[in-house]
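Student: heads up, no residue letters with this:
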């Protein structure tokens, strides 16, 4: 059966996605619309993208059921879009949230990640590998928050010679509209199909829902839309911001998962949450992973070149190297103070940073790299040997 005959068997308003043969961009219209605007001969120049169930055909299975030994097909090591080994900043099949106040560097970080994905930048960002998209595929960038400003930010990072790559591998959607509603949770996935995209970038999440994300309904609708993409092998990254009360408060304090604006659906549905925080206009930000698919990545201090959008590490506070170098027992609060560049007396014992550091130190103790002494406060001392650098080679 040819494509025209298939379309004639569908209801007039049945939405159908077609792609020109040999093309990378797909187009959506109703079955009646395709038949009205194209002859049978012209329709032969298109490939069908939509999975169509014709009247009278058996319905596909309601559930996707597999035998239990399916678990052996799942690798123990996390498969990352951005990351290495168990240190995954963005895992395949798990949404990424880049979160932080306005004017710090979220869009710049997202732009650099996007350019690495499409092959304009090297396949590495902040010393972590980036897995580029497959040949012939694209990244769909939904520029919903100040799209012209976002595109200016992206343009400063791109050499003029990159035009052909941008044309072939990046699709920008900049019409502000409701992308996520409980009545149509498939809109984002349909756009990804039309763009032939493996990855969707959302800038930003607050602009896509049909209501405030602090309300359960719009937040759940957004995450349902994202999860439909994930279920169909389209990965998603979104930019997000803190609660307004946090941004407007007179006293600066560390941000955490609890400060993410909106319903708990948002962070619960994300596989990785990255915090970009700092003081606007300083040219620096702190980059911290608040939620991780596996092992947490160490916090980083990043320098931003505002003219070019270049990002470079300022300081890497490696915990194990610090424990080796200090040679004496330290408390959890002292380790937090080192890791985040703050006075030990300012460490909040009830904070997530403190709890996370305690878990990391206990993990090092379980692996025999540190010993634990005392109880209040408990202290940790390096016992795992020392790294010697000889001509660029490392050995213990």
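Tutor: That came through fine. All values reported here derive from a predicted model rather than from experimental measurement.

Student: Please report the distance of residue 155 from residue 303.
Tutor: Separation of residue 155 from residue 303 (Cβ to Cβ, to the nearest Å) stands at 21 Å. Where C-beta positions appear, they are placed from N, C-alpha and C, glycine not excepted.

Student: Strands of the stretch 201-350 of the chain, start to end?
Tutor: In the stretch 201-350 of the chain, the strands defined using DSSP state E, counting those that start in this stretch lie at 235-240, 272-277, 284-291, 300-304, 311-316, 330-331.

Student: and those strands as CSV, adding distance to residue 260?
Tutor: Formatted as CSV, these follow (distance: least, Cβ to Cβ, whole Å):
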stretch, distance to residue 260
strand 235-240, 6
strand 272-277, 7
strand 284-291, 9
strand 300-304, 20
strand 311-316, 23
strand 330-331, 29
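
Student: Those: which one's closest to residue 354?
Tutor: Closest to residue 354 of the strands of the stretch 201-350 of the chain, according to Cβ to Cβ: strand 330-331, at 10.3 Å.

Student: picking that back up, pick the most buried one from the strands of the stretch 201-350 of the chain.
Tutor: Of all those, strand 235-240 has the most neighbours on average by mean count of other Cβ atoms under 10 Å, namely a mean of 25.

Student: Now the residue nearest the centre of the chain. Its backbone dihedrals?
Tutor: Note on the chain: the residue nearest the mean C-alpha position is residue 96, at 2.5 Å, using Cα atoms, centre = their mean. Backbone torsions of residue 96, given as degrees, to the nearest 10, read phi -110, psi 130.

Student: thought residue 335 was touching residue 382?
Tutor: No - between residue 335 and residue 382 there is no contact under Cβ atoms under 8 Å: 11.3 Å.

Student: any common contacting residues for these two?
Tutor: Taking Cβ atoms under 8 Å, 6 or more residues apart in numbering as the contact rule, residue 335 and residue 382 both touch residue 323.

Student: The two: who's more crowded?
Tutor: It is residue 335, of residue 335 and residue 382, that has more neighbours when counted by other Cβ atoms under 10 Å, with 24 against 21.

Student: State the number of residues packed around the residue lying closest to that one once chain neighbours are set aside.
Tutor: Distance criterion Cβ to Cβ, 6 or more residues apart in numbering; nearest residue to residue 335, sequence neighbours excluded, is residue 357 at 5.2 Å. As a burial measure, residue 357 scores 25 neighbours (other Cβ under 10 Å).

Student: Same question for the one 4 residues further on.
Tutor: Applying other Cβ under 10 Å, we find 22 residues neighbouring residue 361.

Student: I'd guess it is in a helix, am I close?
Tutor: Yes - using DSSP: H, G, I helix; E, B strand; the rest coil, the secondary structure at residue 361 is a helix.

Student: Spatially nearest residue to it, not counting backbone neighbours?
Tutor: Residue 361's closest residue in space is residue 380 (Cβ to Cβ, 6+ apart), at 4.9 Å.

Student: Pairing partners for that neighbour in the sheet, please.
Tutor: residue 330, residue 372 (DSSP bridges).

Student: Contacts only, for it.
Tutor: The contact partners of residue 380, by Cβ under 8 Å, 6+ apart, come to 323, 329-332, 335, 361, 364-365, 370-373.

Student: and of the residues you listed, the nearest to residue 147?
Tutor: Proximity of the contacts of residue 380 to residue 147 (Cβ to Cβ) peaks at residue 335, which lies at 42.7 Å.

Student: any idea how far residue 342 is from the closest one?
Tutor: Residue 335 is 12 Å from residue 342, by Cβ to Cβ.

Student: next one: residue 8
Tutor: 69 Å.

Student: for residue 293, same thing?
Tutor: Residue 293 sits 27 Å away from residue 342, going by Cβ to Cβ.

Student: And for residue 36?
Tutor: Residue 36 is 66 Å from residue 342, by Cβ to Cβ.

Student: quick one, which of those two is more surrounded?
Tutor: Neighbour totals were compared for residue 36 and residue 342, and residue 342 leads with 14 against 10 (other Cβ under 10 Å).

Student: so what's the nearest residue to that one once chain neighbours are set aside up against?
Tutor: Distances taken as Cβ to Cβ, 6+ apart put residue 336 closest to residue 342, at 7.6 Å, once the chain neighbours are dropped. If you count contacts by Cβ under 8 Å, 6+ apart, residue 336 has them with 342, 344, 347, 353, 354, 357.

Student: Pick the one among these closest to residue 150.
Tutor: Nearest to residue 150 among the contacts of residue 336, with distances taken as Cβ to Cβ, is residue 353, at 30.6 Å.

Student: tell me the contacts of that closest one?
Tutor: Each residue near residue 353 by Cβ under 8 Å, 6+ apart is listed here: 254, 256, 336, 339, 340, 347.

Student: what's the farthest-apart pair in those residues?
Tutor: Longest span within the contacts of residue 353, Cβ to Cβ: 256 and 339, 14.9 Å.

Student: beta partners for the residue nearest to residue 100 when sequence neighbours are not counted?
Tutor: Distances taken as Cβ to Cβ, 6+ apart put residue 276 closest to residue 100, at 3.7 Å, once the chain neighbours are dropped. On the basis of DSSP bridges, residue 276 is bridged to residue 287.

Student: Is residue 276 in contact with residue 107, as I believe?
Tutor: No - counting by Cβ under 8 Å, residue 276 does not reach residue 107; the two are 9.5 Å apart.

Student: shaky segments in the chain?
Tutor: Across the chain, residues meeting the criterion (pLDDT under 70) sit at 1, 50-64, 175-183, 245-253, 314-318, 352, 385-396.

Student: Just the endpoints, please. Distance across stretch 141-154?
Tutor: By Cα to Cα, to the nearest Å, the extent of stretch 141-154 from end to end equals 11 Å.

Student: What lies in contact with that stretch?
Tutor: So stretch 141-154 is contacted by 107-108, 111, 114-115, 170-174, 176, 179, 188, 191, 200-204, 206-208, 239, 309 (Cβ under 8 Å, 6+ apart).

Student: That's all I had, so thanks and see you.
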